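1. next come a sequence and a model predicted from it.
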Amino acid sequence: MSGKSASEGESGGSSGALSSPLDASEKEERKKEKARVSRTSLILWHTHQNDVSAVRRLLEEDKELVNARDYDSRTPLHVAALHGWIDVARCLLDHHADVDALDRWKNTPLADAEGAKKKEMIELLKTYGGHSFGQNGSHFEPKPVPPPLPNKCDWEIDPSELDFSTSSVIGKGSFGEILRAYWRGTPVAVKRILPSLSDDRLVTQDFRHEVNVLVKLRHPNIVQFLGAVTERKPLLLITEFLRGGDLHQYLKEKGALSPSVAVNFALDIARGMAYLHNEPNVVIHRDLKPRNVLLVNSNADHLKVGDFGLSKLITVKHANDIYKLTGETGSYRYMAPEVFKHRRYDKKVDVFSFAMILYEMIEGDPPLSNYEPYEAAKHVADGRRPSFRLKGIIPELKDLIEQSWSANMNQRPSFLEILKRLERIKESLSSDHHWHHIFST
């Protein structure tokens with residue numbers, strides 16, 4: 001009999017072959033809770049994506065989902081109101097969504113719409129009897145991180161110093177683009193907020209927050225912040241330009257890495273993350289993935305962690321602090337299960353993402369590559385993990401990955417511990433060590 005079966009059959013002296021009615025009831029309740037969490041994530045996701053047909057289909061299957069809530073008590077109507085998704089909002093309201101639902105900041109959907117200046121949404125919610133409670137809208141933290149004012153002259157850049165005459169786009173996002181340009185003759189990476197969004201309150205707050213995080217960081221394995229343009233438009237954030245591109249593209253071209261390269265890459269990432277997680281001022285990255293890990297040069301001998309747009313700078317009073325942070329933040333394929341489930345989490349979400357990256361470096365394929373990102377995250381939240389296909393993989397490295405992606409975040413090691421274990425693995429790694437892929441047929 002397996003250990004699991006034995007433990008299930010020990011309560012109340014009942015046989016391991018039969019479950020008591022209480023056991024069956026508990027299992028059914030757990031099954032229902034699991035399904036509820038999954039459906040809650042789905043309706044919030046489809047609302048965020050402005051997919052009205054998917055939202056309507058979910059509501060037809062379960063009408064109670066109309067007032068589903070994430071960890072911050074935000075309902076689908078809060079999400080629709082914030083983004084101005086009129087058709088989705090109308091669908092939710094027609095299914096009797098609570099127009100005055102309060103999130104954990106005591107904001108109503110109408111307060112969100114007003115904070116985001118969504119005029120058509122404001123009128124719609126008022127038509128349905130909505131009231132404006134709260135001040136800023138639930139996208140905002142109760143006390144937003146203020147823009148970095150001290151010694152601003154040290155890093156505020158005059159845009160005339162930037163040369164875009166031979167610039168090229170090296171990345172794009174929802175709010176802007178990243179350009180390769182020159183600053184005083186030196187190649188730099190410039191994140192430029194789209195002029196049309198330079199007055200958007202949410203966008204400018206996120207931009208200033210990223211500057212506020214970057215201006216405090218100094219480490220060889222963190223992309224170096226050089227300055228920003230905050231007093232003129234468009235808003236610009238300037239960092240060092242790394243010629244080697246990102247780890248995502250590198251792995252796409254190279255495939256599985258040799259043991260020595262994989263361990264050296266992992267050490268660089270872990271050093272940067274150990275610095276970020278240093279208490280009492282902890283920076284949780286929240287979007288650690290290969291695209292946000294950059295190679296210093298084409299020789300690929302040095303890595304740096306970058307892109308702090310979703311990071312959170314938090315002062316820790318106790319070593320085991322758990323943070324009340326918003327769920328579903330970051331990229332699904334590398335997302336920790338507690339984030340996907342909208343549960344409270346801490347800096348160990350970055351350790352989980354690190355494990356998925358390390359897996360990808362030694363396997364050559366993204367984790368759960370046969371699934372779309374959202375489905376992959378859903379499978380991970382349900383307890384599944386990528387399978388190892390390698391013959392001869394170092395047992396200590398496999399153990400490190402498996403512990404780092406543990407469903408229980410308390411069982412995941414800190415980055416300081418990860419560094420120690422990687423250093424020991426590196427010391428024991430012989431120059432001729434190799435592993436082979438075994439592909440399933």
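-> Okay, I see it.

2. name the helices or strands packed onto the lengthiest strand in the chain?
-> Using DSSP state E to assign secondary structure, the strand with the most residues in the chain is strand 162-172. With contacts taken as 3 or more C-beta pairs under 8 Å, 6 or more residues apart in numbering; DSSP states H and E, strand 162-172 sits against strand 176-183, strand 186-193. From N, CA and C alone the C-beta is placed, and that goes for glycine too.

3. tell me which of those strands is the most buried.
-> Counting by mean count of other C-beta atoms under 10 Å, strand 186-193 has the highest mean neighbour count of the helices and strands packed on strand 162-172, with a mean of 20.

4. quick check: angle from that strand to strand 176-183?
-> Strand 186-193 runs at 150 degrees relative to strand 176-183, counting by axes from the mean of the first three to the mean of the last three C-alpha atoms, to 10 degrees.

5. and strand 186-193, what other elements does it pack with?
-> Strand 186-193 packs on strand 162-172, strand 176-183, helix 201-214, strand 236-240, going by 3+ C-beta pairs under 8 Å, 6+ apart.

6. can you lay out these as CSV showing distance to residue 384?
-> As requested, these are exported to CSV (distance: least, C-beta to C-beta, whole Å):
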stretch, distance to residue 384
strand 162-172, 31
strand 176-183, 34
helix 201-214, 33
strand 236-240, 36
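
7. least confident of the ones you listed, on average?
-> Among the helices and strands packed on strand 186-193, helix 201-214 has the lowest mean pLDDT, at a mean of 81.

8. can you pull out the low-pLDDT segments for this protein?
-> Applying pLDDT under 70 to the chain picks out residues 1-37, 71, 134-153, 173-174, 309-330, 430-441.

9. and the strands in it?
-> Counting by DSSP E, the chain has strands at residues 162-172, 176-183, 186-193, 225-229, 236-240, 281-284, 293-295, 303-305, 312-315, 390-391, 436-437.

10. so which of the ones you listed gets nearest residue 365?
-> strand 436-437 (9.6 Å; C-beta to C-beta).

11. tell me which residues of the longest strand of the chain are tucked away?
-> Neighbour-count burial for strand 162-172 flags residue 162 (criterion: 16 or more other C-beta atoms under 10 Å).

12. what strands flank it, and is each parallel or antiparallel?
-> strand 176-183 (antiparallel) (DSSP bridges).

13. got the CA positions of the partner strand in PDB?
-> C-alpha atoms of strand 176-183 as PDB (Å, rounded to 0.1, in the frame of the first residue of the first chain):
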ATOM      1  CA  GLY A 176       5.700  51.800 -24.700                       C
ATOM      2  CA  GLU A 177       8.800  50.500 -26.400                       C
ATOM      3  CA  ILE A 178      12.400  49.900 -25.700                       C
ATOM      4  CA  LEU A 179      14.900  51.500 -28.000                       C
ATOM      5  CA  ARG A 180      18.700  51.200 -28.500                       C
ATOM      6  CA  ALA A 181      19.900  54.800 -28.600                       C
ATOM      7  CA  TYR A 182      23.000  56.800 -27.500                       C
ATOM      8  CA  TRP A 183      23.500  58.900 -24.400                       C
END
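
14. list the contacts of it.
-> For strand 176-183, contacts defined as C-beta atoms under 8 Å, 6 or more residues apart in numbering pick out 157, 161-164, 166-172, 187-194, 197, 226-227, 234, 238, 241.

15. ok, now stretch 390-410?
-> For stretch 390-410, the surrounding residues in contact (C-beta under 8 Å, 6+ apart) are 259, 263, 336-338, 345-346, 348-349, 351-352, 354-356, 358-359, 362-363, 383, 385, 388, 411-413, 418, 421-422, 424-425, 428-429, 433-438.

16. just the buried residues out of the residues you listed, in ChimeraX syntax.
-> To isolate the buried ones among those in ChimeraX, judged by 16+ other C-beta under 10 Å, type:
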select :259,263,336,337,338,345,346,348,349,351,352,354,355,356,358,359,362,363,385,412,413,418,421,422,425,429,435
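
17. where do the domain boundaries of the chain fall?
-> Following automatic domain parsing, one gets these domains for the chain: 25-127, 152-240, 247-437.

18. make JSON lines out of these and add distance to residue 133.
-> JSON lines is the format used below for the domains of the chain (distance: least, C-beta to C-beta, whole Å):
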{"stretch": "domain 25-127", "distance to residue 133": "5"}
{"stretch": "domain 152-240", "distance to residue 133": "19"}
{"stretch": "domain 247-437", "distance to residue 133": "20"}
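
19. ok, now how distant is residue 424 from residue 395?
-> 12 Å (C-beta to C-beta, to the nearest Å).

20. again with residue 126
-> According to C-beta to C-beta, residue 126 stands 63 Å off from residue 395.

21. coming back round to it: looking at the strands of the chain, which is nearest to residue 116?
-> With C-beta to C-beta as the measure, strand 186-193 is the member of the strands of the chain nearest residue 116 (16.3 Å).

22. that closest one pairs with which strands, and in what direction?
-> strand 176-183 (antiparallel), strand 236-240 (antiparallel).

23. on that earlier part again, would you turn the helices and strands packed on strand 162-172 into CSV with distance to residue 89?
-> CSV is the format used below for the helices and strands packed on strand 162-172 (distance: least, C-beta to C-beta, whole Å):
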stretch, distance to residue 89
strand 176-183, 27
strand 186-193, 27
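
24. for residue 117, which of those strands is the nearest?
-> Of all those, strand 186-193 sits nearest to residue 117, with 16.6 Å by C-beta to C-beta.

25. residue 56 against residue 94, yeah?
-> No - using C-beta atoms under 8 Å, residue 56 is not in contact with residue 94, being 9.1 Å away.

26. of the two, who's got more company?
-> Comparing residue 56 with residue 94 by other C-beta atoms under 10 Å, the one with more neighbours is residue 56, at 17 against 12.

27. how much space separates that one from residue 271?
-> Between residue 56 and residue 271 the distance, using C-beta to C-beta, works out to 48 Å.

28. repeat for residue 386
-> 24 Å.

29. over to residue 124?
-> Relative to residue 271, residue 124 is positioned 50 Å away (C-beta to C-beta).
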